[in-house]
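Q: only geometry, no sequence info:
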């Protein structure tokens, strides 16, 4: 192993549900701490955000106990839904639902990026063709030949694209 190589430690657990007092004994159905191994702030904060959007969540937070330990603790307390008057759901069912919602959001993001990439690729190809046509009569230098670094004409095209797309 070289000096610059870093081995990330693996967590001793993959998933654990802890009671509110930190034990793994009989669980309260409406509050718990979920310990996710081999995860970090990325998943912890995203889940916390999705949980807090639900009306039946009284409290949701996360912690990473130590930076060198790849573990995220998600603390969750449910509450009665004030709008519908439904009883408190279990913390596990709320976490399952929030995990599904987060997975759906990620799938939607991937779908939208995949849809956008061909449009961006087409715009770039059209810009490159326009630049090559303009430069054909000049000294032969292609301003986009360096792999697409900044070119003054590119900003105008990007602004026109943004305006046409309503961005």
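A: Sure, I can see it. Fair warning: this is a prediction, and the values are worked out from it, not measured in the lab.

Q: In stretch 93-101, which residues are buried?
A: Buried residues in stretch 93-101, counted by 16 or more other CB atoms under 10 Å: 94, 95, 98, 99. Just so you know, the C-beta spots here come from the backbone N, C-alpha and C atoms, and that holds for glycine as well.

Q: Verify the assumption that residue 60 is located in a helix.
A: No: assignment of residue 60 by DSSP: H, G, I helix; E, B strand; the rest coil gives strand, placing it outside any helix.

Q: Quickly find the element holding the closest residue to it other than its chain neighbours.
A: Once flanking residues are discounted, residue 60 sits nearest to residue 51: 3.7 Å by CB to CB, 6 or more residues apart in numbering. Using DSSP states H and E, residue 51 maps to helix 41-52.

Q: what packs against that helix?
A: Of the remaining helices and strands, those touching helix 41-52 by 3 or more CB pairs under 8 Å, 6 or more residues apart in numbering; DSSP states H and E are strand 57-63, strand 71-78, helix 91-135.

Q: So which bits of stretch 70-80 are buried?
A: Buried residues in stretch 70-80 (16+ other CB under 10 Å): 70, 71, 72, 73, 74, 75, 76, 77, 78.

Q: quick one: contacts for the second one?
A: Yep, that's residue 71 we're talking about. 11, 13, 35, 36, 37, 38, 39, 64, 65 (CB atoms under 8 Å, 6 or more residues apart in numbering).
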